[in-house]
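A.B. asks: let's see this in three dimensions:
(2 chains)
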2 protein chains.
Amino acid sequence: MSGRSLVEITDPHDPRIAEFSQIRERDLTGRGGRFIAEGTVVLRMLAAAHRAGRGIAAEKLLLLKNRVEGVADLIDAFPADVPVYVADGAVLDAIAGFHLHRGVLALGRRDAGLAAADLIDNLSDDCLVLVGCGISNHDNIGALFRNAAGFFADAVLLDETCCDPLYRKALRVSVGSVLTMPYARESLAEDLLGKLADAGFEIWALSPAGKIEIGDIAPARRMALVMGTEGEGLPAHILKRFRSARIAQSPGLDSLNVGTASGIALYSMARAMGRLVGPLGR
Amino acid sequence: MSGRSLVEITDPHDPRIAEFSQIRERDLTGRGGRFIAEGTVVLRMLAAAHRAGRGIAAEKLLLLKNRVEGVADLIDAFPADVPVYVADGAVLDAIAGFHLHRGVLALGRRDAGLAAADLIDNLSDDCLVLVGCGISNHDNIGALFRNAAGFFADAVLLDETCCDPLYRKALRVSVGSVLTMPYARESLAEDLLGKLADAGFEIWALSPAGKIEIGDIAPARRMALVMGTEGEGLPAHILKRFRSARIAQSPGLDSLNVGTASGIALYSMARAMGRLVGPLGR
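C.D. replies: Here you go, the predicted model:
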């Protein structure tokens, strides 16, 4: 059992848990850096990020009453001043607006963070960066972060047409890595890529029409992988200005999904850079 | 415009389209080799598979009336004796039991096909096979087929605990490749792997605890990749009996999803085998 005091919510309209109200719809709107985290995996990352004190904070938890005992250690991972609200299934579903079978939620906050230029300035000399252009699907943006974190990338940069990685579903698909991976947004992909080029990055745009097979590109100390949307892919001016790589695949099939393509490309680049060392990588 | 004669359906209970009734629930039951194909991408593959005459047949189409003009070429890709039913949105949704925004469906049939042993007997000397053990999630089984087809695998073998790749959602995620990729099922994964070993296949079991990095395994003429479920992964007796490979990744994250992991592993093996040649592979 957790030693924490719990606050029981019996009215779905209780103002103390208003941020969790109708989260499926509200999820689609801006919230000034606030986000809903869902599930034990993401909440564990949130607790760790909160304690690390790098611009991520947990503000409150909302749990299904009958899950409290099973997640006592998770509750204890949050500082004691983070309130813990509990509700039974009917109340929780009425708050959320749909059936929440996981029953483990938190409200978090992300500070504005660094501008892209400052984030780039802070990167080390030996560095792998993922750049997303126009990634508008929540699953895909989550998968990009998940794979960037998994394959030893140092940062993610997004143009303004990418959706917010803090959306509930994106965060869940990322297995919480949105909370630990440094990232920044900038209006135009070209400006982002220009800054990376100025900082000495070798920039590789991934495209089915890429000139070199991704498994064959030469390593460099600072590398950036640029991914576009499913379907249209990267705009022609980016493919023209920068080197392009492809993932060979059998003709006649739809292009790979962004999650799988980013996994293959990041794995290949991390391997070329010598980052996959030992059973758990570097 | 297609020159085909269309049959309009106005009663959701019309027996001519009974197989499309409540497809979300019925999707979970066996149907004697019959399956529902959805969306233009999958229907295009179905038409091609039907014409190729390798055990796949289209039995009827059911289309949203206002999509008919836009998919005239797709309709014409099916033989003239395949009936084409059309319905307006309200009727179509009443048939399917939920809102079908794509509005393009077909009923197909797959013959029993080869037993696993016969399929293995028919494989060429230069061969890449994917084996799925316990893949019970429709998205994942679809992703396995999609990546097997994309990365030049010659066949897929499944144990009996894998779900049916002909489920509507699996078929859709596979972008139709379930209809073109040779596959067979066998009760026990061990029997499948024993047959592959007897046929001279080098068998690699993929696991986070694998002994060799997947990007470093030596090529062979006949190779098999064995994938287990998300979460539990492959059973210990398989990992003990066969060689195992891993995909290095940063510690502290949930394991890669099956789709991404299969993409990375198949890409790596196809590359080792020299199958990624030219802009579109071999």
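A.B. asks: skipping its backbone neighbours, what lies nearest the residue of the stretch 1-150 of chain A found nearest chain B in space?
C.D. replies: Going by CB to the nearest CB, chain B is nearest to A:Gly150 of the stretch 1-150 of chain A, at 4.1 Å. The C-beta positions use only the backbone N, C-alpha and C, and glycine is treated the same way. The shortest distance from A:Gly150 to any non-neighbouring residue, by CB to CB, 6 or more residues apart in numbering or on different chains, is to B:Gln249 (4.1 Å).
A.B. asks: tell me which helix or strand that neighbour sits in.
C.D. replies: Using DSSP states H and E, B:Gln249 sits within no helix or strand.
A.B. asks: that one: how many residues sit nearby?
C.D. replies: 26 (other CB atoms under 10 Å in any protein chain shown).
A.B. asks: that one contacts A:Phe151, correct?
C.D. replies: Yes. With contact defined as CB atoms under 8 Å, B:Gln249 counts as touching A:Phe151 (6.2 Å).
A.B. asks: ok, longest strand in chain A?
C.D. replies: strand A:56-64 (DSSP state E).
A.B. asks: do stretch A:50-58 and chain B meet at all?
C.D. replies: No. Contact of stretch A:50-58 with chain B (CB under 8 Å from any CB of the partner chain) is absent, the minimum separation being 12.5 Å.
A.B. asks: centre of the chain to that stretch, how far?
C.D. replies: 15 Å (CA atoms, centre = their mean, to the nearest Å).
A.B. asks: end to end, how far does that stretch reach?
C.D. replies: 6 Å (CA to CA, to the nearest Å).
A.B. asks: in it, which residues are buried?
C.D. replies: A:50, A:56-58 (16 or more other CB atoms under 10 Å in any protein chain shown).
A.B. asks: and the gap between the most centrally placed residue in chain A and A:Pro165?
C.D. replies: Nearest to the geometric centre of chain A sits A:Val178, at 3.0 Å (CA atoms, centre = their mean). Here the criterion is CB to CB, to the nearest Å. By it, A:Val178 lies 4 Å from A:Pro165.
A.B. asks: do A:Leu276 as well
C.D. replies: Taking CB to CB, one finds A:Leu276 at 25 Å from A:Pro165.
A.B. asks: in terms of neighbours, single out the busier of the two.
C.D. replies: Neighbour count, other CB under 10 Å: between A:Leu276 and A:Pro165, A:Pro165 has more, with 26 against 22.
A.B. asks: my guess is the more buried one contacts A:Thr180. True?
C.D. replies: No. Using CB under 8 Å, A:Pro165 is not in contact with A:Thr180, being 11.8 Å away.
A.B. asks: same for whichever strand or helix holds A:Leu46, what does it pack against?
C.D. replies: Assessed by DSSP H and E, A:Leu46 sits inside helix A:40-52. For helix A:40-52, the packing partners by 3 or more CB pairs under 8 Å, 6 or more residues apart in numbering or on different chains; DSSP states H and E come out as strand A:34-38, strand A:56-64, helix A:72-76, strand A:104-110.
A.B. asks: returning to that earlier point: identify the contacts common to A:Val178 and A:Pro165.
C.D. replies: Residues touching both A:Val178 and A:Pro165 (CB atoms under 8 Å, 6 or more residues apart in numbering or on different chains) are A:142, A:145, A:171.
A.B. asks: Provide the secondary structure category for the first one.
C.D. replies: Reduced to three states with DSSP: H, G, I helix; E, B strand; the rest coil, the structure at A:Gly142 is helix.
A.B. asks: what of the last one?
C.D. replies: Look at A:Leu171: counting by three-state DSSP, its state is helix.
A.B. asks: pLDDT wise, what is it at?
C.D. replies: Per-residue confidence (pLDDT) for A:Leu171: 95.
A.B. asks: not counting sequence-adjacent ones, nearest residue to it?
C.D. replies: A:Val178 (5.3 Å).
A.B. asks: contacting residues around the one you found?
C.D. replies: A:142, A:145, A:165-166, A:170-171.
A.B. asks: next one: phi and psi at it?
C.D. replies: phi -60, psi -30 (degrees, to the nearest 10).
A.B. asks: likewise for the one 10 residues further on?
C.D. replies: In this entry, A:Leu188 is assigned phi and psi values of phi -110, psi 130 (degrees, to the nearest 10).
A.B. asks: how near is it to chain B?
C.D. replies: Using CB to the nearest CB, to the nearest Å, we find A:Leu188 at a distance of 29 Å from chain B.
A.B. asks: please apply the same query to A:Thr161.
C.D. replies: Relative to chain B, and taking CB to the nearest CB, A:Thr161 is found at 23 Å.
A.B. asks: thought that residue was touching A:Gly132?
C.D. replies: No. Using CB under 8 Å, A:Thr161 is not in contact with A:Gly132, being 9.2 Å away.
A.B. asks: which of these two has more residues huddled nearby?
C.D. replies: Ranked by neighbour count (other CB under 10 Å), A:Thr161 and A:Gly132 place A:Gly132 first, with 30 against 15.
A.B. asks: tell me the contacts of that one?
C.D. replies: So, once contact is read as CB under 8 Å, 6+ apart, A:Gly132 ends up touching A:141, A:144, A:156-159, A:162, A:227.
A.B. asks: mind checking pLDDT for the nearest residue to A:Pro83 once chain neighbours are set aside?
C.D. replies: Spatially, and ignoring its direct neighbours in sequence, A:Pro83 is nearest to A:Lys60 (4.8 Å; CB to CB, 6+ apart). Note on A:Lys60: pLDDT of 96.
A.B. asks: returning to that earlier point: sheet-wise, list the partners of the longest strand of chain A with their directions.
C.D. replies: For strand A:56-64, the pairing partners within the sheet under DSSP bridges are strand A:84-87 (parallel), strand A:104-110 (antiparallel).
A.B. asks: show me which residues of chain A sit near chain B.
C.D. replies: Checking chain A against chain B by CB under 8 Å from any CB, the hits are A:41, A:143, A:146-147, A:149-152, A:175, A:177, A:209, A:213, A:215, A:246-251, A:253-254, A:256-257, A:259-261, A:263-264, A:267-268, A:270-271, A:276-281.
A.B. asks: using PyMOL, define a selection of the buried residues within the residues you listed.
C.D. replies: Buried residues among these (16+ other CB under 10 Å), as a PyMOL selection:
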select buried, chain A and resi 41+143+146+147+149+150+151+152+175+177+213+215+246+247+248+249+250+253+254+256+257+259+260+261+263+264+267+268+270+271+276+281
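A.B. asks: give me the subset of the residues of chain A next to chain B that lies in strands.
C.D. replies: A:213, A:246.
A.B. asks: mind listing residues that contact the helix or strand of chain A with the lowest mean pLDDT?
C.D. replies: Within chain A, no helix or strand scores below helix A:23-26, which has a mean of 75 by mean pLDDT, DSSP states H and E. Outside helix A:23-26, the residues that touch it by CB under 8 Å, 6+ apart are A:36, A:96-98, A:105, A:168.
A.B. asks: kindly report the domain assignment for chain A.
C.D. replies: Following automatic domain parsing, one gets these domains for chain A: A:7-110, A:116-272.
A.B. asks: and A:Ala197, that's in a helix?
C.D. replies: Yes. Applying three-state DSSP, one finds A:Ala197 inside a helix.
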